[in-house]
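Participant: Quick one, structure for this:
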Amino acid sequence: MADEPDCHSDVHETNHQEIRRALIALNMVHEDRGLLCAVAQSLPAERDLACDRFASRAAGSLEAPVDKVRETLRAARGCLESVGEQDARVREAGATIVTLVDAGYPRALADLGLHAPPVLYVRGKLGESPGLAIVGSRKADAYGLEVASWFARRLAAAGLTIISGFARGIDQAAHRAALSARAGTGRTVAVLGCGLDVDYPRNSRRTAAEIARRGSLVTEFPLGWQPRPWHFPIRNRIIAALGFASIVVRAASRSGSLITARLALDLGREVYAVPGSVLSRESAGAHLLLRDGAIPALDPDALLETLPTAVLEALEREAPERSAGNASGASSLTPAEAGSADNEVDGLLVALRNGARTPEELASRLERPIPGVLATLARLEIDGLVRRYDGANYALMTR
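Facilitator: Here you go, the predicted structure:
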């Protein structure tokens, strides 16, 4: 076989569907993800899964053991027969498969080079809107949850897509706050550490469905793959690459969020960190980032004023589309009503900061009708931001 360029720049020279099939099969291999991704970047055609010359050439260019490369390609050949079934199951789940050679593959992931995932499973719409990542601890306290929600809601209201990892705590608070922004038309992308069909974290299907309806769920892991501890550091590179910047909220000194921050820095992205109490272990990671030069995240409006020119131009181009989306009936709320709803959420979180309150006390303090306050409390309880105690008292979740 004649030597061919090790890239996918001209898919017309080969059969697009065959390459796509080969990439999906390769991605289904339970092997070293780093090697798998690197091999995928230079796979010219499906037939090369069985080509010893390609295996030797790939091993040489990647400085990897040739036996390991051959083993990975052999495993991929064994997965070829399952590609059709996987594709059908994905369609049944209302999702799509996007590969390196497809037009819908996110351009931002090209910055990952050899570490770019060869395949993405996407439920929802993975648009090109400027994205900003908000990440942090699963064991976030009330302060962390409040700050993450504040930043996510305000930045999403400005048109940014909020990206996070769908874990409990900071991640899900950011996703839910983004969805509540701009009269319920805010966008968010959740990058998973498991297959799209796996309910993880448990009992999160409702939130996942809402994200898919007005944003997207994304993963590189095939259907059925359960979450494993090593999946999450791997998926962090996608979070870092999709956003033009990252904000770290409430992260311990050994938090996975610091991996995202380091990856973002390596990619040339800005990194922000939310300062907290020096006595809090959950702020130690953010403080380390601040010590090493991260930008303090003190106010979302101040952050918006310093957006890169390219991001501002993208938001301006998309402004008419966002306005049309609002006018098409995406939400029945007027802008004034949407602002009122966001203010009520913020007001409730602030009112609960100093201790538990009854709905009546909250309604009196906020000068709102009790039914509306109860509805907002119910939503915040589902979102994991507040908890109901005996005696109809509500308080902020501490973890």
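Participant: what about this structure, any weak spots by pLDDT?
Facilitator: 1-14, 183, 319-344, 382-383, 390-391, 398-399 (pLDDT under 70).
Participant: Which parts of the strand or helix carrying A378 count as buried, going by neighbours?
Facilitator: Here A378 sits within helix 370-382, counting by DSSP states H and E. Judged by neighbour count using 16 or more other CB atoms under 10 Å, the buried positions of helix 370-382 are 373-374, 376-377, 379-380. Every residue, glycine included, has its C-beta placed from N, CA and C.
Participant: Out of those residues, the closest to E146 would be?
Facilitator: Nearest to E146 among the buried residues of helix 370-382: L380, at 10.8 Å, using CB to CB.
Participant: Do I have it right that the closest one meets V386?
Facilitator: Yes. Using CB atoms under 8 Å, L380 is in contact with V386, at 4.4 Å.
Participant: Next, show the common contact partners of those two.
Facilitator: 348-349 (CB atoms under 8 Å, 6 or more residues apart in numbering).
Participant: number of nearby residues for Y121?
Facilitator: Using other CB atoms under 10 Å, Y121 has 26 other residues around it.
Participant: the strands in the stretch 1-150 of the chain, which residues?
Facilitator: Secondary structure of the stretch 1-150 of the chain, counting by DSSP state E, counting those that start in this stretch: strands at 96-99, 119-124, 131-136.
Participant: tell me the most buried of the ones you listed?
Facilitator: Stretch with highest mean neighbour count among those: strand 131-136 (a mean of 30; mean count of other CB atoms under 10 Å).
Participant: Which strands and helices lie in contact with that one?
Facilitator: Under the contact definition 3 or more CB pairs under 8 Å, 6 or more residues apart in numbering; DSSP states H and E, strand 131-136 sits against helix 142-157, strand 161-164, helix 170-184, helix 231-242, strand 245-249, helix 256-266.
Participant: partners of that strand in the sheet?
Facilitator: strand 161-164 (parallel), strand 245-249 (parallel) (DSSP bridges).
Participant: got a list of contacts for that strand?
Facilitator: Counting by CB under 8 Å, 6+ apart, 108, 144, 148, 151-152, 155, 160-165, 169-171, 174, 189, 236, 239-240, 242-251, 255, 257, 260-261, 264, 274 sit against strand 131-136.
Participant: and if you look at stretch 385-399?
Facilitator: 139-142, 145-146, 149, 169, 173, 176, 348-349, 352-353, 355-359, 362, 377, 380-381, 384.
Participant: Give me the buried entries from those.
Facilitator: By 16+ other CB under 10 Å, those give 139-142, 145-146, 149, 169, 173, 176, 348-349, 352, 356-357, 359, 362, 377, 380, 384 as buried.
Participant: Of the strands of the stretch 1-150 of the chain, which is nearest A209?
Facilitator: Once the strands of the stretch 1-150 of the chain are compared by CB to CB, strand 119-124 is nearest, at 8.9 Å.
Participant: tell me the angle of the closest one relative to helix 231-242?
Facilitator: Interaxial angle of strand 119-124 relative to helix 231-242 (axes from the mean of the first three to the mean of the last three CA atoms, to 10 degrees): 70 degrees.
Participant: residues in contact with strand 119-124?
Facilitator: Contacts with strand 119-124, where a contact means CB under 8 Å, 6+ apart, come from 23-24, 27, 90, 93-100, 104-106, 126, 195-196, 208, 211-223.
Participant: Any quick ChimeraX command for the buried ones out of those residues?
Facilitator: Remark: buried members of the contacts of strand 119-124, expressed as a ChimeraX selection using 16+ other CB under 10 Å:
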select :23,24,27,90,95,96,97,98,99,100,105,106,126,195,196,208,211,212,214,215,216,217,218,219,220,221,222,223
